[in-house]
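Asker: Turn this into a model:
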Amino acid sequence: MNKLNVALRALPALLFLCSGLTHAAPSRCFTYDAATLARTRSQVAQKNSPLLPVYQALLSAADKALKQPALSVTQKTLLPASGDKHDYYSFGPYWWPNPDMASHLPYIRQDGKTNPDSKTDATDSTRLVRFGDDLRVLGLAYYFSGNKAYADKAAEMARVWFINSQTRMNPNMAYAQAIPGVVDGRGIGIIDSRVLIDVMDSIELIRPADTLSEADFQAVKRWYGTFSQWLLTSDNGFEEGNWHNNHGVFYDAQVVAFSLFSDHPDVAKQQMRVAMLRHLTAQIDRKGYLTAETERTRSWHYTQFALSAFQRLARYGELTGVDLWNSAIDDHRLEQALTVPAQFLDKPAEWPFAELKFDAQEALGNMIAAAHAYPKNALFREKAQQLSVAYPDNINLLTITAPLVR
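Answerer: Prediction:
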């Protein structure tokens, strides 16, 4: 049986609680589906498992994370407008010094071309990405291997980022993606904090190791609850939620995920309804194209990126009773949006929009999650299997219900 079929064999039901697992069983699962994750783990443990390449890649990444120092927003060398190092600070990646001004201000935008100065340790954006990456692999490595060292490190990093009074991040993104010479921070910067979804999931995965005390776990939950409320009540959050592109849907994914994690299921369910009405119809046209993404210079990439957010939302819909997988509003459907890129995987030259660098691997997580969600759709099964063979060490082969596109 091939690796995709191993992972996607029919299940009697999608489970919320992770009861019945053998070791390192978390009591709650959110972005990951408990039964699928457990089944994948059992396959990884088998001799000559086809999932060994990705499992080995996961452990290699986690071993590297073990050697890294704990990260904190207070490690940056530039300050946000608040003057508080505890406030997250970044500036827009596509904004460059103005060549027509001696001061180089205000910065000007070049879509799709990343200013390398936006990705240094002077600000927090790369630090937050490393933190999210490390927590993701540490949590998954503990879950799949049972090696407590991974949970120890994850707990240490969580305490530094969320709890320790000297190093913790303030629960807001008010100074994210500033534009030098233009604005101190923007709602659009909230896209940066999407990585905290994977952090949240890893916190749940390591809980059985008892490396994070109950008091610390509750402190992390309170941080997420406060951050979720900031997303819902701040001007920046209001601005971000109303974008009809990947920013808007990732905003909804964050609010729903963080509300579930911090024990506010009613807020999560309401935001799922908002997402259905605000983004399903506004972002996906009747042919399945994500029109705000197809106008970008990297249209394929941003289509995959937005679809990964939609699929995470659809997973949360399973937990809140809002069926995004199968809903159709005026013939706008998520399944059709996933069908579009599947049809072009074998013929990238025919992709009808601009793309600076077509990368088929970016569709892997979306195709695997789609094959899981729509088991009767042969196209998704075919493309997911094709990509899984081509990229045997891609982490999406382990996580399945949490498509990851960077």
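Asker: Give me the neighbour count for residue 266.
Answerer: Residues within reach of residue 266, counting by other CB atoms under 10 Å, total 9. For every residue, glycine as well, the C-beta is placed using N, CA and C.
Asker: can you list the domain ranges for this protein.
Answerer: 51-241, 252-406 (automatic domain parsing).
Asker: Could you find the closest non-adjacent residue to residue 381?
Answerer: residue 371 (4.9 Å; CB to CB, 6 or more residues apart in numbering).
Asker: Hmm, that neighbour is touching residue 377, no?
Answerer: Yes: if you go by CB atoms under 8 Å, residue 371 and residue 377 touch, sitting 7.2 Å apart.
Asker: thinking again about what came up before, tabulate the domains of the chain in a markdown table, adding columns for mean pLDDT.
Answerer: Shown next, in a markdown table, are the domains of the chain (pLDDT from 0 to 100):
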| stretch | mean pLDDT |
| --- | --- |
| domain 51-241 | 95 |
| domain 252-406 | 96 |
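Asker: Turn those domains into TSV, columns for distance to residue 27.
Answerer: Converted to TSV, the domains of the chain look like this (distance: least, CB to CB, whole Å):
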stretch	distance to residue 27
domain 51-241	7
domain 252-406	12
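Asker: Can you say which of those domains is nearest to residue 41?
Answerer: Across the domains of the chain, the minimum distance to residue 41, taken as CB to CB, is reached by domain 51-241, at 5.4 Å.
Asker: ends of the closest one, how far apart?
Answerer: Distance across domain 51-241, first residue to last, is 38 Å (CA to CA, to the nearest Å).
Asker: Figure out how far that domain is from the centre of its chain.
Answerer: Relative to its chain's centre, domain 51-241 lies at 12 Å (CA atoms, centre = their mean, to the nearest Å).
Asker: Check whether the residue of the chain positioned farthest from its centre sits in a helix, strand or coil.
Answerer: What lies farthest from the middle of the chain is residue 102; by CA atoms, centre = their mean that is 39.3 Å. The three-state assignment at residue 102 reads coil, by DSSP: H, G, I helix; E, B strand; the rest coil.
Asker: ok, the closest residue in space to residue 148 that isn't next to it in sequence - contacts?
Answerer: Distance criterion CB to CB, 6+ apart; nearest residue to residue 148, sequence neighbours excluded, is residue 209 at 5.3 Å. Contacts for residue 209 (CB atoms under 8 Å, 6 or more residues apart in numbering) come out as 24, 142, 148, 151-152, 155.
Asker: now residue 351
Answerer: 299-300, 344, 358.
Asker: Mind jotting down where the helices sit in the stretch 301-406 of the chain?
Answerer: Assigned by DSSP state H, counting those that start in this stretch, the helices in the stretch 301-406 of the chain fall at 334-344, 364-373, 378-390, 396-399.
Asker: Would you show me how to pick out the buried ones of the contacts of residue 351 in ChimeraX?
Answerer: A single ChimeraX command selects the buried members of those (16 or more other CB atoms under 10 Å):
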select :299,300,344
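Asker: Pipe the contacts of residue 351 into TSV and attach distance to residue 109 per row.
Answerer: Shown next, in TSV, are the contacts of residue 351 (distance: CB to CB, whole Å):
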residue	distance to residue 109
299	17
300	21
344	28
358	23
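Asker: taking the contacts of residue 351 as a set, which two sit the farthest apart in space?
Answerer: Pairwise over the contacts of residue 351, using CB to CB, the maximum falls at 299 and 344, 10.9 Å.
Asker: the strands in the protein, which residues?
Answerer: Ranges of strands in the chain, per DSSP state E, are 89-91, 95-96, 108-109, 175-178, 328-329, 332-333.
Asker: who wins for proximity to residue 37 among these?
Answerer: Using CB to CB, those put strand 332-333 closest to residue 37, at 26.8 Å.
Asker: what are the pairing partners of the closest one, and which direction each?
Answerer: According to DSSP bridges, strand 332-333 has the following sheet partners: strand 328-329 (antiparallel).
Asker: list the contacts for residue 180?
Answerer: Residues near residue 180 by CB under 8 Å, 6+ apart: 91, 95, 105-107.
Asker: if we go to 7 Å?
Answerer: Residue 180 makes contacts with 91, 105, 107, as judged by CB atoms under 7 Å, 6 or more residues apart in numbering.
Asker: I'd like the distance between the residue nearest to residue 381 and residue 400.
Answerer: Distance of residue 371 to residue 400, given as CB to CB, to the nearest Å: 9 Å.
Asker: Now do the phi/psi pair for residue 356.
Answerer: Main-chain dihedrals, residue 356, degrees, to the nearest 10: phi -70, psi -30.
Asker: So it is in contact with residue 112, correct?
Answerer: Yes: assessed by CB atoms under 7 Å, residue 356 is found in contact with residue 112 at 5.8 Å.
Asker: The two: which has the busier surroundings?
Answerer: residue 112 (16 against 12).
Asker: Now that one: closest residue in space, sequence neighbours ignored.
Answerer: residue 297 (3.8 Å).
Asker: Spell out which residues sit in contact with that neighbour, please.
Answerer: Applying CB under 7 Å, 6+ apart, the residues contacting residue 297 are 111-112, 354, 356.
Asker: Good, we can wrap up now.
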